[in-house]
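Trainee: here is my input; please provide its structure:
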Amino acid sequence: MESYSILRELAIIVISAKLFGLVAKKLRIPQVAGEIIAGIIVGPCLFGFVQQTEFISQMAEIGVILLMFSAGLGTNLKKLIKTGPRALLVACVGVAVPLYGGFLLYSSFYGFAEPGSMEFYKAIFMGCIMTATSVSITVQVLKELGHLSGDVGTLILSAAIIDDIVGIIVLTFVIGFVSDSVEPDAVVMNTVLFFVFAVGVGIILYHVFKWMDTRYPHTRRIPIFSLALCLALSYVAERYFGIADITGAFVAGVILCSINDSEYIAEKMDISSYMFFGPVFFASIGIKTKITGMNKELMAFCIGFVIVALVTKIIGCSLAAKLFGYKNKDCLKVGVGMMTRGEVALIVSQKGLAMGLMSATYFTPVIMLIIISSLVTPVALKALYAGEPTPQEITAGGGEEDFVDSY
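Mentor: Down below sits the predicted model:
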């Protein structure tokens, strides 16, 4: 009879996550925030209808892998190459400044630890959470304002994609350093070897899938084999190179992002992710969250975490844009457009919890960051763009429209 209780708990998770997701959508905040809140309500924090179990954790892990695979599929390599050094620098500085800011914040509250100690890596990991950018809300706002295809809009989109890649690489190193007391040199070597392996195997697999795509376009075998590739690379990354499985999933998505049927694959992946694995993952974050241990120190940390995460992202991205000669107002637009956080921040947090780099209590500031950044960003962008003509109004040319559609 015990096995049947799993079905009851999954039903509660899916229904509550969807209902609260719809409420969040009505309030114009990310649906994932509603799904997390649903987990808090039905989990041990409040009503206790659902308990955290090994089975739910495993389902949530599959959800993480599918989300990162979809993120990889959404990468536009051609546009990344086209935007070149501008987007790369904005992304790198936009990762480095929040990373250092998070490290300083954690160290200020809990003490500066010796380099190489677990507390030292916990401080770095807090910065890792701050590095992730989610531009889904920014994209929607820029579309509504008619500025998505502009120079600043294109820079924000490209930098956000690179931002996630750089953030995942940083996370890979941090996790490697705390895994089984592996020597730092071995971590660096394993990470480099994995990406060398990924490039070599990726080129071969890209041509294999491209051939399949030409011979069997829009057939279900392509998404099925793509899913198998995602799971296989996730396993290889964790088992043979000692780096995060989500890195392998992301790389699998990048390998397939340029084939003709990449959108078709993403569409099929979204069905399982949206209907089941995604809600289970986000609700599991809420189920794991502990708000009972909230005290004055933790509340102060939450407030500091949100402020530092927002301000450091604005400062880092704005300064990088300034180096390329952008006007002060445009630099601020880039910084504000990059400050929203979403799924990747939760994925990083989930991985940190599993590795002992953070406790469940610290999901609270992460959730606060996602909600607040999602509310502040649209308001700030609309104020910054107020009264400005759109690119379509300036010129009849629409050379960058293809970028909007492809994204």
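Trainee: so who does the residue nearest the centre of the chain touch?
Mentor: Central residue of the chain (C-alpha atoms, centre = their mean): residue 344, 1.8 Å from the mean position. Residues in contact with residue 344 (C-beta atoms under 8 Å, 6 or more residues apart in numbering) are 71, 132, 133, 134, 164, 167. From N, CA and C alone the C-beta is placed, and that goes for glycine too.
Trainee: can you get me a residue count around the second one?
Mentor: The reference is to residue 132. Using other C-beta atoms under 10 Å as the criterion, residue 132 is surrounded by 29 other residues.
Trainee: please identify the helix or strand for the nearest residue to it once chain neighbours are set aside.
Mentor: Counting by C-beta to C-beta, 6 or more residues apart in numbering, the nearest residue to residue 132 once its immediate chain neighbours are dropped is residue 344, at 3.7 Å. In this assignment (DSSP states H and E), residue 344 forms part of helix 343-354.
Trainee: with residue 41 instead?
Mentor: Counting by DSSP H and E, the secondary-structure element that holds residue 41 is helix 31-42.
Trainee: which strands and helices lie in contact with the next helix or strand after that helix?
Mentor: The helix or strand immediately downstream of helix 31-42 is helix 54-73, counting by DSSP H and E. Helices and strands in packing contact with helix 54-73 are listed as helix 2-26, helix 221-240, helix 245-256, helix 262-272, helix 278-288, helix 343-354; criterion 3 or more C-beta pairs under 8 Å, 6 or more residues apart in numbering; DSSP states H and E.
Trainee: gap between the first one and the chain center?
Mentor: When you say that, I think you mean helix 2-26. The gap between where helix 2-26 is centred and where its chain is centred comes out at 23 Å by C-alpha atoms, centre = their mean, to the nearest Å.
Trainee: okay, buried residues for that helix please.
Mentor: Within helix 2-26, the residues scored as buried using 16 or more other C-beta atoms under 10 Å are 9, 10, 12, 13, 14, 16, 17, 18, 20, 21, 24.
Trainee: sorry, back to before: output whatever helix or strand comes next after the helix holding residue 344 in PDB with nothing but the alpha carbons.
Mentor: Counting by DSSP H and E, the element after helix 343-354 in chain order, helix or strand, is helix 363-385. Output of helix 363-385 as PDB, limited to C-alpha atoms (Å, rounded to 0.1, in the frame of the first residue of the first chain):
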ATOM      1  CA  PHE A 363      16.000  28.500  -0.500                       C
ATOM      2  CA  THR A 364      14.100  31.400   1.100                       C
ATOM      3  CA  PRO A 365      16.400  34.200  -0.100                       C
ATOM      4  CA  VAL A 366      16.600  32.600  -3.600                       C
ATOM      5  CA  ILE A 367      12.800  32.500  -3.900                       C
ATOM      6  CA  MET A 368      12.700  36.100  -2.700                       C
ATOM      7  CA  LEU A 369      15.200  37.100  -5.300                       C
ATOM      8  CA  ILE A 370      13.300  35.500  -8.100                       C
ATOM      9  CA  ILE A 371      10.000  37.100  -7.100                       C
ATOM     10  CA  ILE A 372      11.400  40.600  -6.400                       C
ATOM     11  CA  SER A 373      13.600  40.700  -9.500                       C
ATOM     12  CA  SER A 374      10.600  39.600 -11.600                       C
ATOM     13  CA  LEU A 375       8.500  42.500 -10.300                       C
ATOM     14  CA  VAL A 376      11.200  45.200 -10.400                       C
ATOM     15  CA  THR A 377      12.700  44.500 -13.800                       C
ATOM     16  CA  PRO A 378       9.600  45.300 -16.000                       C
ATOM     17  CA  VAL A 379       8.900  48.500 -14.100                       C
ATOM     18  CA  ALA A 380      12.500  49.700 -14.400                       C
ATOM     19  CA  LEU A 381      12.800  48.800 -18.100                       C
ATOM     20  CA  LYS A 382       9.600  50.600 -19.000                       C
ATOM     21  CA  ALA A 383      10.800  53.700 -17.200                       C
ATOM     22  CA  LEU A 384      14.200  53.500 -19.000                       C
ATOM     23  CA  TYR A 385      12.600  53.100 -22.400                       C
END
